[in-house]
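[1] Let me see the structure of the following:
(chains A, B, C and D)
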Number of protein chains: 2
Amino acid sequence: MNRGSGSGNRGSGNSGHRDAYGRRGGVNLPALRGHNEALVLDLLRAAGPAGLGRTELAARTGLTPQAVSKITARLGADGLVAEAGRAASTGGKPRTLLRLVPDVRHAVGVHLDRDEILAVRVDLAGRVVAESGGPLDFGAGPEAAVEAVVRAVARVRDPSGPPLLGVGVAAPGPLDHRVGVMGRVTGFPSWKDFPLRGVLEGRLGLPVLLDKDTNAGAAAAAGAWLRATWPDADAGAGAGGVAGVDADAFAGSDAEVAEVYAGGGARTCVYLHIGTGLGAGLWLGGGVYRGARSAAGEFGHQVLLLDGPRCRCGARGCVEALCLDAVARGDLPEAARIVGEAAANLVALLDVDRVLLGGRVVAAAPDVFVAGVGAVLAARALDPARPVVALAGAGVAQGAAEMALTPLFGHG
Amino acid sequence: MNRGSGSGNRGSGNSGHRDAYGRRGGVNLPALRGHNEALVLDLLRAAGPAGLGRTELAARTGLTPQAVSKITARLGADGLVAEAGRAASTGGKPRTLLRLVPDVRHAVGVHLDRDEILAVRVDLAGRVVAESGGPLDFGAGPEAAVEAVVRAVARVRDPSGPPLLGVGVAAPGPLDHRVGVMGRVTGFPSWKDFPLRGVLEGRLGLPVLLDKDTNAGAAAAAGAWLRATWPDADAGAGAGGVAGVDADAFAGSDAEVAEVYAGGGARTCVYLHIGTGLGAGLWLGGGVYRGARSAAGEFGHQVLLLDGPRCRCGARGCVEALCLDAVARGDLPEAARIVGEAAANLVALLDVDRVLLGGRVVAAAPDVFVAGVGAVLAARALDPARPVVALAGAGVAQGAAEMALTPLFGHG
DNA sequence: CCACTTTGGCAACAGTGTTGCCGAAGTGCA
DNA sequence: TGCACTTCGGCAACACTGTTGCCAAAGTGG
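    Next up, the predicted model:
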């Protein structure tokens, strides 16, 4: 069972899941095994340090108890799973609790923004173990950025630490997630067609995943409940602490979560980015939804005011035009209300659980946006308790790391 | 291999797919086998009567040629697959083409509308083989409707025909697809909590699937390419012909379809229903997207005119209010333009390939709506060639039947 | 006519989850 | 304290999956 070298059996080969384009692949025995292992790991991760009994795992996965025993034995041999005491008896032999061991593998997430770069290293629970940021001139072109990424990854990397599963890189779109090639980023023509993923894989010697920053934000949003179930990593993460997604914001609904929750990807989340433009990342049905051409999430040019002022995209009354205009006027509450109405549209259309806000404009006045968007959502939602709005801080890099964990936990 | 009795091995048990709530189940050997068989059947269905070689099936599924041989041998023994001649040689032994035999299983779809009922029987290619419609008073309550469904199914059923896989029932929402129970249908309080699926299963002795009419419409939209690859069923389908989804509308883009297409569920489709209200059915990533609480597709109350006229839902400027107001004024082009703008929002957000229009209001002036919506989409789309707008005729019942074929072809 | 390519089946195989069985470890009642 | 009962969980045999290695069949092209 030599699987300690970082890139093990898991995740290689087709997994039987749908890919982002709706196509599905055939499944063979190794893929089946990987799928079921990922399922068990995902449930254990969601259960937190308290762990879960084999019987419960069997009930939740639909596998037989014997199969779960075999699977957990394999995972135990790999060091990924350990015993965590015994649960109270329910009339017979008490079940042995199993828990995920978060420290045996790590992953790195990099947020490549227009003027800064942030890299984080996370453990299997998604907790930030190390981080390092710095300025970046995105316009200086791909080669300089590659160097910056390599340096940033080197700073958070720990040669004596656990093996790294991979590196997730979140960059401004558009880009092609399948092949890892950048698209025509507005204002940065030198990036067009740059094969960022391939180049980085060559430089880093690790599997690299490239996706839009908004999608990484959505992944971070989806992982927020997860991080609420694990206590903070005690390892220091640099000065000032980590301004990640606020886990406490979700801690209140634990009971409800436990009822519905069946792994890290069970909920529907949306990440809304407000910066130089508006974008959305969609986490639907347990994974990032990218659409057939990686073009999903076009949020900024949703028309919200029929025949309104003309937007730079040519249409009239786009959210982006309305919102940024309000921002320019200094009327942040109005900007928040506008985004809120558009968000409420999206929530109604897709039956969304959680909305996360991020981006420069939001960061400048977080309370105004959280309150403003939340008010509109509460007014228009059928169930006033849903959806919860919260703030995404350094979440994008965390989400990128989360995506790098995909081979182990299966969704994405 | 006794599997001729209609409800065979396939489809029972968990399949390893994500369910509508993003949860995934464990996979065992029978499920794996069912998955791969469904995959092969789906590809063969998409290939049409021309068929596909084993080598090509292997390449597309990612399975080994030997596995494909075993699988197709099983399917052949069941009568689901037959040989269809030989392809031209590519330098060696010419490949034997295999094709789906559409007539060995049928399925029934029922559209339960507010004042009429339509039942269709389809073959495995989704072609309507028989249909029967009639008036219905939805307000007369569930019991009367059950009788109407039973009668309608009896009329399209053929005791001497191939076994029926199941019955799909499309009804006005809201309803809970998982348990098959009706919700609070506006204006029809007697339907609340009626377990329509269970009652019908008892009466019909067949597996029954209950879903919203809009979702069935989306399934019909997704199946439109499919039907374009199969010639019309020669069996007569009653007087006047069948006003199904217009397959020809999609026939033009066959080359593109062949390139991207990998089975019946590979595309992203949206069905927009304009009747007493506005609703949407979403076909995303190879299956109907229902959201965590079966509430996805709330299209009518997308706000399109910020601070516009108040809607009956309490919000201001909803598409539904604007559109139905324009209809009431007799200004159908304006109604179409309004729907078009909302549809364009949706297309941009979800990277949609095809939009289908249906419902009473559309049926009254189909050309106006297809042209009006199409114009807005063309103006706002990045690629003017996409998406295609077309009309859904009797498509909802066809879509319901399509959903009943799910156990065999895997997606949904 | 022959070398080569491609197709596709047969047999042996590795590895999955399942079944049947049994011991271990608790609870709860007499 | 003792005993029946419940529940947990591992061992061994099993059924069945797709895979590998091998080879015959059926074409092409010089």
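[2] Where does pLDDT dip in the stretch 251-400 of chain A?
    The stretch 251-400 of chain A contains residues with pLDDT under 70 at A:251-266, A:382-388, A:393-394.
[3] change it to 80
    By pLDDT under 80, the low-scoring segments of the stretch 251-400 of chain A are A:251-267, A:285-286, A:292-293, A:381-394.
[4] residue boundaries of the strands in it?
    A:269-274, A:278-284, A:287-288, A:354-358, A:388-391 (DSSP state E, counting those that start in this stretch).
[5] So is the last one next to chain B?
    It stands for strand A:388-391. No. Shown here: strand A:388-391 not in contact with chain B (C-beta under 8 Å from any C-beta of the partner chain), separated by at least 13.6 Å. C-beta: built from backbone N, CA, C; applies to glycine.
[6] so what does that strand touch, helix or strand wise?
    Applying 3 or more C-beta pairs under 8 Å, 6 or more residues apart in numbering or on different chains; DSSP states H and E, one finds that strand A:388-391 makes contact with helix A:248-251, strand A:354-358, helix A:366-380.
[7] mind checking the SS state of the residue in chain A that DNA strand D sits nearest to?
    Going by C-beta to the nearest atom of the strand, DNA strand D is nearest to A:Gly92 of chain A, at 1.9 Å. With DSSP: H, G, I helix; E, B strand; the rest coil as the basis, A:Gly92 sits in coil.
[8] and chain A, which residues reach DNA strand D?
    A:27-29, A:53-55, A:65-66, A:69, A:73, A:90-96 (C-beta under 7 Å from any atom of the strand).
[9] gap between A:Ala392 and DNA strand C?
    From A:Ala392 over to DNA strand C the distance is 36 Å, taken as C-beta to the nearest atom of the strand, to the nearest Å.
[10] Touching, that residue and A:Val270? I think so.
    No. Taking contacts as C-beta atoms under 8 Å, A:Ala392 lies outside contact range of A:Val270: 10.9 Å.
[11] Neighbour count for those two, which is higher?
    Using other C-beta atoms under 10 Å in any protein chain shown as the criterion, A:Ala392 and A:Val270 rank with A:Ala392 on top: 30 against 27.
[12] For that one, which non-adjacent residue is spatially closest?
    Once flanking residues are discounted, A:Ala392 sits nearest to A:Gly358: 3.6 Å by C-beta to C-beta, 6 or more residues apart in numbering or on different chains.
[13] List only those of the residues of chain A next to DNA strand D flagged as buried.
    Among these, those classed as buried by 16 or more other C-beta atoms under 10 Å in any protein chain shown are A:Val27, A:Asn28, A:Gly53, A:Arg54, A:Arg95.
[14] Show the contacting residues for the fourth one.
    The contact partners of A:Arg54, taken as C-beta atoms under 8 Å, 6 or more residues apart in numbering or on different chains, are A:Pro65, A:Val68, A:Ser69, A:Thr72, A:Arg95, A:Thr96, A:Leu98.
[15] so how far is chain B from it?
    13 Å (C-beta to the nearest C-beta, to the nearest Å).
[16] hang on, the earlier thing: any residues in contact with both of A:Ala392 and A:Val270?
    Counting by C-beta under 8 Å, 6+ apart, the residues touching both A:Ala392 and A:Val270 are A:Ala221, A:Leu356.
[17] thinking again about what came up before, and of the buried ones among the residues of chain A next to DNA strand D, the nearest to B:Val81?
    Checking those against B:Val81 by C-beta to C-beta gives A:Val27 as the nearest, at 19.4 Å.
[18] where's the closest one, which helix or strand?
    Per DSSP states H and E: A:Val27 is located in neither a helix nor a strand.
[19] ok, it to B:Ala59 distance?
    Distance from A:Val27 to B:Ala59, counting by C-beta to C-beta, to the nearest Å: 16 Å.
[20] Would you mind naming what in chain A lies close to DNA strand C?
    So chain A meets DNA strand C at A:29-30, A:32-33, A:36, A:63-64, A:66-67, A:70-71, A:86, A:89, A:91-94 (C-beta under 7 Å from any atom of the strand).
[21] let's see it at 10 Å
    A:1, A:9, A:28-37, A:39-40, A:58, A:61-71, A:73-74, A:86, A:88-94, A:96 (C-beta under 10 Å from any atom of the strand).
[22] Near chain B, list only the ones from those residues.
    Contacts with chain B within the residues of chain A next to DNA strand C, counted by C-beta under 8 Å from any C-beta: A:Asn28, A:Leu29, A:Leu32, A:His35, A:Asn36, A:Leu39, A:Thr61, A:Gly62, A:Leu63, A:Ala67.
[23] Quick one: neighbours of A:His232, just the number.
    Let me fix one detail, which is that residue A:232 is Asp and not His. 13.
[24] Quick one: residues contacting it.
    With contact set as C-beta under 8 Å, 6+ apart, A:Asp232 has these partners: A:Arg127.
[25] quick one: which of the strands of the stretch 251-400 of chain A is nearest B:Glu334?
    Comparing the strands of the stretch 251-400 of chain A by their distance to B:Glu334 (C-beta to C-beta), the top pick is strand A:278-284, with 27.7 Å.
[26] List the contacts of that closest one.
    Against strand A:278-284 from outside (C-beta under 8 Å, 6+ apart): A:173, A:212-219, A:221-222, A:265, A:267-273, A:288-289, A:296-300, A:319-320, A:323-324, A:339, A:346, A:350, B:22, B:284, B:289, B:349.
[27] In ChimeraX, select just the buried ones from those.
    To isolate the buried ones among the contacts of strand A:278-284 in ChimeraX, judged by 16+ other C-beta under 10 Å, type:
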select /A:173,212,213,214,215,216,217,218,219,221,222,265,267,268,269,270,271,272,273,288,289,296,297,298,299,300,319,320,323,324,339,346,350 /B:22,284,289,349
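[28] Show me the contacts of strand A:278-284 that map onto helices.
    Residues of the contacts of strand A:278-284 located in helices (DSSP state H): A:213-219, A:221-222, A:319-320, A:323-324, A:339, A:346, A:350, B:349.
[29] sorry, back to before: redo the ones next to chain B among the residues of chain A next to DNA strand C as TSV? Include distance to A:Val120.
    Output for these, formatted as TSV (distance: C-beta to C-beta, whole Å):
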residue	distance to A:Val120
A:Asn28	35
A:Leu29	36
A:Leu32	33
A:His35	28
A:Asn36	30
A:Leu39	26
A:Thr61	30
A:Gly62	35
A:Leu63	34
A:Ala67	35
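[30] and the residues you listed, which are buried?
    Buried residues within these, counting neighbours by 16+ other C-beta under 10 Å: A:Asn28, A:Leu32, A:His35, A:Asn36, A:Leu39, A:Thr61, A:Gly62, A:Leu63, A:Ala67.
[31] Just the ones of those residues in helices?
    Counted as lying in helices by DSSP H, out of these, are A:Leu32, A:His35, A:Asn36, A:Leu39, A:Thr61, A:Ala67.
[32] Tell me which residue of the stretch 301-412 of chain A lies closest to chain B.
    Nearest residue of the stretch 301-412 of chain A to chain B: A:Asp351, at 2.6 Å (C-beta to the nearest C-beta).
[33] How many residues are close by the residue nearest to A:Phe409 when sequence neighbours are not counted?
    Excluding its sequence neighbours, the residue lying closest to A:Phe409 (C-beta to C-beta, 6+ apart) is A:Asp42, at 4.5 Å. Counted with other C-beta under 10 Å, the neighbours of A:Asp42 add up to 25.
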